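Participant: Fold the following.
(chains A and B)
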Amino acid sequence: MTATPLFDRRTFLKASGLAFLAGLTPRGLAAMERADALFASAYRDPEGRFGIATLTEKGDLVDRALLPDRAHGLAYNAATDQIAAFARRPGTYMMILSRRGFSSPVVIKAEDGRHFYGHGCFSPDGKRLFACENDFDAGRGIVGVYDATDAFRRIGEWETHGVGPHDLSISDDGRHLIVANGGIETHPDFGRTKLNLDRMQPSLVLLDAVDGGLVEKHPLPAHLSQLSTRHVDTDGKGRIWFACQYEGARDDRPPLAGSFAPGEDIRFLVLPDEITEALGLYVGAIAINRHEGLVGLASPKGGMAVTVEAATGKVIATTSVKDAAGIAPAPTGFAVSSYAGRFREKTLDLTFDQHIAALSPSHL
Amino acid sequence: MRFLPLLASAIAGLVALPHAANAGPKAEKVLAEAVDTVIRPGYDRFEAASGMLEKAMKDLCASPSAEHKAAAETAFGDAVKAWGGIEFLRSGPALEKNRFERVLYYPDRKGIALKQVQAILSKKDESATTAEGLAGKSVGVQSLTALEFVLYGTGNEVLATEKDGHRCRFGAAIATNVHGVAGELAAAWNAPDGIAASWKKPGPENPVFRTDGEAVTELVGTMVHGLEMVREQRIEAFFSGTGADQPANPKLAILWRSGKTWDVLGANLQGMSDLWKKAHMETMLKDDQRSIASSIGFVLKSLTRETPKINPDIAAALASPEETAKIDFLLLNTKDAITRISDDYGAALGIGAGFSFSDGD
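Facilitator: Here you go, the predicted model:
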């Protein structure tokens, strides 16, 4: 199959401008010039510092920038070529960096009584940034709304109609925010302790991306109340795919992923039991390769990445990746990272966090 | 955007870590010892101590006297220390039914639980004088922190003189409630086919751990998260260190009213030190990695030796540079212990512990 570049190198070079290129080392520049696709991931370095790295589809490091603290998920704004990094829960910062080098990094501190959950997304026009947040005293999930045209001023917040919103995405047309309410209650007073595993209510929710109104809510059925809906991505037809982490008995065999289109009920992906077991009942990241019609799942607990054909739900590949962390669509298949520093074909002296963002003008 | 120079090694295969599952029989022995020498005895001790507390409170109500009040305070201190010794384990039965909050509700940053306790006392709410009635109320009025106010808060003098008074019966109901939770925890860990068996024998049919590696990851994570609790949620709650922007606030310290802040924090640290030693966690390291273990053992021992030296009057301690230096020592060395266990020990076992513990994100 002919690879379709995720990332148009010439467009990027033109858009990046001399300010960005001047900051690159010759080695990084050479790596970028050879690249068909670029990715970003949060990392920790051997000195214990946290940052964002950009890498090629071959795993060559292009660049990196320091962050104030550990980050988890990233959001890419193709319209302005900005990357937002979100503190890992229960962190209280997010940082927005301009890859063009035209503006200084912006660090946003969480509102009093709120913390970030580690994920967010930009609106397709790049004018708004949405972040999953926790109103921890009330125990309710919140989407924080920030004005990307006004120094990321916080202009409002919307209820996610659930507890523990983790991942957040937006439909291609910018109409709907897609929220994975993991259902797990946490409070900064108790660190990362999960406070309600015996009474979880996970759900997937669509919100109106203009006014925050509830469009659809899909609670998980009662017998799957301990199936935490954690991460989402959308395919080229607007179908929403989600991945889960199971908090129930380790010898259960729950579904770990599924999908739905707006207006439809949830459909779970039926994986063979041996795959469910090999994933450790835990999917840490999900990605869609739209061009190839593939769904990618990665599990650090299982040390495995799984590729599924979206149309049929058939598993077409499994790859053993110890401490598999992030997964993102690559020109062919998926780019997978690991806590031990693996990124595709390379192993770097960095520890990658759980997610990879594909940096491209438009996703496949 | 300023990017750093490229520093990373891009040599495939440079980082090749052993997997925790490779710890094999040693891992199972460590897990068994963790259960049999630390966890189960810890819950048993707490069950016994809370039983003594319940008895002491009932004795005080039936025969109020300065002597019985002192006995109740002693029993309270013993129960606090017993709970502190096992509080670090925030998984399994302790996480169900709000048990750990029902045993020790903290922090109460907005003073809501304190107001609820004071309201029960001022209104002489009879529904709070039985364990059953109390169980239906906010967890903030059910736990040892509520009992601390009963025993040490404004108006506590009445306990030594008033027979079967409301305040005493409220306190006895709390003690009964806490004892009940302690009994549930001990029973769960002592059940032959319960969680203890799951910890000791990971396997394909195990409802908690499929592999030794999963169980060892949980064990190491327990140590790290327990130390984080002491450092970030307990000490930094009232003192963020000399020179920190956040002002010190002695009344945010856990159990400051009874002067038992360092007792419970010391018990927390001792519990984790016991887990490290009695489970022989160092045995999962290879011989040439044992220096990691000796460093961890040294830091844990230093921490447990420090807490008894600090003035239990928290307001006085925070006003004394000599005392705050000791708290700085705790902050510095808990951080050091976290790094050593998470990064050095975890990485040596190959469980990626330093970064994530795969704990749900």
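Participant: What lies in contact with stretch B:263-272?
Facilitator: With C-beta atoms under 8 Å, 6 or more residues apart in numbering or on different chains as the test, stretch B:263-272 has contacts from B:38, B:42, B:77, B:80-88, B:104, B:223, B:226-227, B:229-230, B:234-235, B:254-255, B:300, B:303-304, B:307-308, B:312, B:330. For every residue, glycine as well, the C-beta is placed using N, CA and C.
Participant: Need the buried ones from those residues selected in ChimeraX.
Facilitator: Here is the ChimeraX command that selects only those of those that count as buried (16 or more other C-beta atoms under 10 Å in any protein chain shown):
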select /B:38,42,77,80,81,82,83,84,85,86,87,88,104,223,226,227,229,230,234,235,254,255,300,303,304,307,312,330
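Participant: I'd like to know which residues of the stretch 1-150 of chain A are adjacent to chain B.
Facilitator: A:20, A:23-25, A:27-28, A:44-45, A:48, A:51, A:53, A:59-61, A:63-66, A:72, A:88-89, A:97-101, A:105, A:118, A:137 (C-beta under 8 Å from any C-beta of the partner chain).
Participant: Correct me if wrong: residue B:164 contacts residue B:60.
Facilitator: No - with contacts counted by C-beta atoms under 8 Å, residue B:164 stays clear of residue B:60, the gap being 10.0 Å.
Participant: When the two are compared, which one has more neighbours?
Facilitator: residue B:60 (27 against 13; other C-beta atoms under 10 Å in any protein chain shown).
Participant: What helix or strand is that one located in?
Facilitator: According to DSSP states H and E, residue B:60 maps onto helix B:40-62.
Participant: following that helix, which helix or strand comes up?
Facilitator: Using DSSP H and E, the next helix or strand after helix B:40-62 towards the C-terminus is helix B:66-84.
Participant: What is that next one packed up against?
Facilitator: Helix B:66-84 is packed against helix B:40-62, helix B:144-152, helix B:166-190, helix B:261-278, with contacts defined by 3 or more C-beta pairs under 8 Å, 6 or more residues apart in numbering or on different chains; DSSP states H and E.
Participant: Contacts for the shortest one, please.
Facilitator: Think helix B:144-152. Applying C-beta under 8 Å, 6+ apart, the external contacts of helix B:144-152 come out as B:53, B:57, B:69, B:72-73, B:76, B:79-80, B:83, B:103-106, B:108, B:113-114, B:117-118, B:121, B:140, B:156, B:159, B:167-168, B:170-171, B:174-175, B:178, B:254-255, B:257-258, B:260.
Participant: Could you rerun that using 7 Å?
Facilitator: Helix B:144-152 is contacted by residues B:72-73, B:76, B:79-80, B:83, B:103-106, B:108, B:113-114, B:117, B:140, B:156, B:167, B:170-171, B:174-175, B:178, B:255, B:257-258 when judged by C-beta atoms under 7 Å, 6 or more residues apart in numbering or on different chains.
Participant: in chain B, which ranges drop under the pLDDT threshold?
Facilitator: Residues of chain B meeting the criterion pLDDT under 70: B:1-24, B:352-360.
Participant: Now do the domain split for it, please.
Facilitator: B:23-198, B:207-349 (automatic domain parsing).
Participant: what about the shortest one, how long is it end to end?
Facilitator: I take that to be domain B:207-349. Domain B:207-349 has its terminal residues 23 Å apart, counting by C-alpha to C-alpha, to the nearest Å.
Participant: Pull the distance from it to the chain's centre.
Facilitator: From the chain centre to the centre of domain B:207-349 is a distance of 10 Å (C-alpha atoms, centre = their mean, to the nearest Å).
Participant: any low-confidence regions in chain A?
Facilitator: For chain A, applying pLDDT under 70 flags the ranges A:1-24, A:100-103, A:360-364.
Participant: what helix or strand does the residue positioned nearest the centre of chain B sit in?
Facilitator: Centroid-nearest residue in chain B: residue B:87, 2.8 Å away (criterion: C-alpha atoms, centre = their mean). Using DSSP H and E, residue B:87 falls within no helix or strand.
Participant: What's the separation between it and residue A:32?
Facilitator: 51 Å (C-beta to C-beta, to the nearest Å).
Participant: Can you list phi and psi of residue B:111 for me?
Facilitator: Main-chain dihedrals, residue B:111, degrees, to the nearest 10: phi 70, psi 20.
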